[in-house]
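Chemist: how does the following fold in three dimensions:
(one chain, ligands or ions: 1)
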Amino acid sequence: MHQFKVYPRWRPLSPGEATTPEIQRTHNQHDSGRVSTSLTPASRSLTERPWKSEAAFTRVFEANDNNKVVFEAAVAPTLPHVLDGRSCNFFAYGHSGSGKSHTIIGYDFENSDEFGLCLAAARHLSDALTDLNRDISNPAEELGIGIRVFELRKNVAFDLLNKRCQCYVREGSDGKTHIRGETEVLEKGKVRVRPIVTKPCWSFEELRQELLAGLKLRATGTSTIHDQSSRTHAVLELEIVTRALLEARDAVIDRQSELVPVGKRATDIYIEENSKGFIQTPEGKYVPNPDYQIDQARIDAAEAKKAEFESYVQQAEDRVRHVFESCGRACLGGKLVFVDLAGSEYYHDKTTSAVPRPKQTPQEQQEGRQINTDLLALKEVIRARALKQARIPFRSSPLTMVLRDHFLGSNSSDSYSAMILTVSPSSDQFAATMNTLKYGNLVGVASGENKRTVRK
Ligand SMILES: Nc1ncnc2c1ncn2[C@@H]1O[C@H](COP(=O)(O)OP(=O)(O)OP(=O)(O)O)[C@@H](O)[C@H]1O
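Modeler: Residues are numbered from 1 along each chain as shown. As a prediction, the model looks like this:
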């Protein structure tokens, strides 16, 4: 069964907010086990009115719950699924400064009680893999954690483990999502279409260093962290890998890269022959050119070459499948995906939001529209999955395209996702907090829907 849980997390008042009154909130547990939340503003105004969610939340974390409490409740129960080879996804959503980075990445890399969810999960996974590796003698089969970190803005992914290189989110002819960068020319004229880099880590310490190095790029690559980081979705992926798996996947990228020019040449020859073989009449119709006989043998030779290179890709993909089948470890390919979603200040749902939007520049408005599209698409994907619809609208936005494989995973009928809604208790932030909880409420309700309760 696909589970999607939503957890509001209230952060403490910051030192700057110490004298501000707190938003009054009460939580009510329903028979379903889910929790509803009621908010009361410090003072009544047109935009700040009491609001009550539906029974949409699994549990509410209060300001005195540290990262360890959140990890134990929301992430730790999913680790057995990851060690069984499945994908588990965690989203943090909230206004700028509400605690998304504190929750997902954490600011304390020494005190394990304050590790962000990603690092805490990596430490637990690492410990589990150390145990599993004890009886492995072949280095190619040693289990490690492959880490990928990128920021997503529109359909561009900035690879934080590869100098913020730009990659583009596209759907391939195989129907899968590919995140690929420019074509690199290597030695001996070999070409390679650069993928998002996977850094394999064979110890927790190695992973911590890779993550820290990548996150530094997130900060220095933008003008101010708080202003800019809220306008992108940050994606951190941890996957259980072996050297054999990474090598097999690299071979797929190499074969696909080799196919690109061969496929292009076949297309070019086809177009060239057909543009010579037909002419346009004065009436605008295309008819065979009496002065040129299409060279079908040339087209066929190019197509045959393309088919040959496609078969190399197929063989490389078969090799990846073989690595999975012969590994004998169910955990191979198990994934944890953490997404620090763009700031909720950009989200606006016209059916629910009475919250005025902050004044934005035209560029911010355009980015805001894209973020809105992403977040609505995410909600619709969650809803379609809860309803077990045959067609899940993954193509609706680059964010949902990127998440497609993670949602489907190796066993789409048994996956797990959760969203942490980070909110500020400061009454100054009432509108922002309510906006975040409203989105979480929609997601929570959507994920709880099933065929019997579907609303027209
Ligand atoms: N639950 C919490 N407990 C203690 N401190 C917190 C908590 N949540 C957030 N903070 C503190 O609040 C500040 C802002 O949090 P954070 O940087 O995580 O916000 P953010 O939502 O990621 O912002 P942005 O989207 O702008 O990057 C940080 O100093 C962080 O340590």
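Chemist: okay, Thr352: pLDDT?
Modeler: If you check Thr352, the pLDDT there is 50.
Chemist: what's near enough to touch the closest residue to the ligand within the stretch 1-150 of the chain?
Modeler: Using Cβ to the nearest ligand atom, the single residue of the stretch 1-150 of the chain nearest to the ligand is Gly99, 2.7 Å away. From N, CA and C alone the C-beta is placed, and that goes for glycine too. Counting by Cβ atoms under 8 Å, 6 or more residues apart in numbering, Gly99 touches Arg9, Arg11, Ala92, Thr422, Val423, Ser424.
Chemist: closest to Glu114 out of those?
Modeler: Arg11 (13.1 Å; Cβ to Cβ).
Chemist: and the ligand, which of the contacts of Gly99 contact it?
Modeler: Near the ligand, judged by Cβ under 6 Å from any ligand atom, the entries from the contacts of Gly99 are Arg11, Thr422.
Chemist: helices along the protein, start to end?
Modeler: In the chain, the segments counted as helices under DSSP state H are 67-70, 79-82, 100-104, 117-133, 204-220, 225-229, 243-277, 296-327, 362-386, 398-408, 430-448.
Chemist: out of the ones you listed, which is closest to Lys190?
Modeler: Judging those by Cβ to Cβ, what sits closest to Lys190 is helix 243-277, at 8.0 Å.
Chemist: please name every helix or strand in contact with the closest one.
Modeler: strand 191-195, helix 296-327 (3 or more Cβ pairs under 8 Å, 6 or more residues apart in numbering; DSSP states H and E).
Chemist: returning to what we had before: kindly reformat the helices of the chain as a markdown table containing mean pLDDT.
Modeler: Converted to a markdown table, the helices of the chain look like this (pLDDT from 0 to 100):
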| stretch | mean pLDDT |
| --- | --- |
| helix 67-70 | 96 |
| helix 79-82 | 94 |
| helix 100-104 | 92 |
| helix 117-133 | 95 |
| helix 204-220 | 84 |
| helix 225-229 | 51 |
| helix 243-277 | 92 |
| helix 296-327 | 94 |
| helix 362-386 | 81 |
| helix 398-408 | 85 |
| helix 430-448 | 86 |
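Chemist: in JSON lines, list the ones you listed along with mean neighbour count.
Modeler: JSON lines is the format used below for the helices of the chain (neighbours: other Cβ atoms under 10 Å):
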{"stretch": "helix 67-70", "mean neighbour count": "19"}
{"stretch": "helix 79-82", "mean neighbour count": "18"}
{"stretch": "helix 100-104", "mean neighbour count": "24"}
{"stretch": "helix 117-133", "mean neighbour count": "19"}
{"stretch": "helix 204-220", "mean neighbour count": "16"}
{"stretch": "helix 225-229", "mean neighbour count": "15"}
{"stretch": "helix 243-277", "mean neighbour count": "16"}
{"stretch": "helix 296-327", "mean neighbour count": "14"}
{"stretch": "helix 362-386", "mean neighbour count": "19"}
{"stretch": "helix 398-408", "mean neighbour count": "21"}
{"stretch": "helix 430-448", "mean neighbour count": "24"}
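Chemist: before we move on, back to that, who wins for proximity to Pro261 among the helices and strands packed on helix 243-277?
Modeler: strand 191-195 (6.6 Å).
Chemist: what's that closest one packed up against?
Modeler: Against strand 191-195 (3+ Cβ pairs under 8 Å, 6+ apart) you get strand 165-171, strand 177-185, helix 243-277.
Chemist: ok, how many other residues are close to Asp28?
Modeler: You called it Asp, but residue 28 is Asn. 12 (other Cβ atoms under 10 Å).
Chemist: ok, now which ones touch the closest residue to it other than its chain neighbours?
Modeler: Excluding its sequence neighbours, the residue lying closest to Asn28 (Cβ to Cβ, 6 or more residues apart in numbering) is Ser36, at 5.0 Å. By Cβ under 8 Å, 6+ apart, the residues touching Ser36 are His27, Asn28, His30, Lys52, Ser53, Glu54, Ala55, Ala56, Phe57.
Chemist: do stretch 211-218 and the ligand meet at all?
Modeler: No - in terms of Cβ under 6 Å from any ligand atom, no part of stretch 211-218 sits within range of the ligand; the closest distance is 9.4 Å.
Chemist: still on that earlier bit, just the closest of the contacts of Gly99 to Leu408, please.
Modeler: The closest of the contacts of Gly99, once distances to Leu408 are taken by Cβ to Cβ, is Ala92, at 21.8 Å.
Chemist: the closest one touches Gly106, doesn't it?
Modeler: No - Ala92 lies out of contact with Gly106 (Cβ atoms under 8 Å); the separation is 11.4 Å.
Chemist: between those two, tell me which one has more neighbours.
Modeler: Ala92 (26 against 20).
Chemist: next one, pLDDT for that one please.
Modeler: 93.
Chemist: list the contacts for the residue minimising distance to the centre of the chain?
Modeler: Centroid check for the chain by Cα atoms, centre = their mean gives Leu403 as the closest residue, at 4.5 Å. Shown in contact with Leu403 (Cβ under 8 Å, 6+ apart): Asn89, Val337, Val339, Leu378, Val381, Phe394.
Chemist: swap in Glu184?
Modeler: Counted by Cβ under 8 Å, 6+ apart, Glu184 has contacts Val191, Arg192, Val193, Arg194.
Chemist: and which of those residues is nearest the ligand?
Modeler: Closest to the ligand, out of all of these and judged by Cβ to the nearest ligand atom, is Arg194, at 27.5 Å.
Chemist: distance of that closest one relative to Lys188?
Modeler: 17 Å (Cβ to Cβ, to the nearest Å).
Chemist: for Ala55, same thing?
Modeler: From Ala55 to Lys188 the distance is 63 Å (Cβ to Cβ).
Chemist: confidence score at the residue in the stretch 251-400 of the chain that the ligand sits nearest to?
Modeler: Nearest to the ligand, among the residues of the stretch 251-400 of the chain, is Gly343, at 5.1 Å (Cβ to the nearest ligand atom). pLDDT, Gly343: 75.
Chemist: number of nearby residues for it?
Modeler: Based on other Cβ under 10 Å, the number of other residues close to Gly343 is 24.
Chemist: that one and Ser96 touch, don't they?
Modeler: Yes - in this structure, Gly343 is within contact of Ser96 by Cβ under 8 Å, at 4.5 Å.
Chemist: returning to that earlier point: any idea how far the residue of the stretch 251-400 of the chain closest to the ligand is from Asp374?
Modeler: Distance from Gly343 to Asp374, by Cβ to Cβ: 12 Å.
Chemist: do Pro398 as well
Modeler: 7 Å.
Chemist: for Tyr312, same thing?
Modeler: 36 Å.
Chemist: cool, and Lys188?
Modeler: Taking Cβ to Cβ, one finds Lys188 at 41 Å from Asp374.
Chemist: and stretch 109-124, does that touch the ligand?
Modeler: No - with Cβ under 6 Å from any ligand atom as the criterion, the ligand is not reached by stretch 109-124; the gap is at least 8.4 Å.
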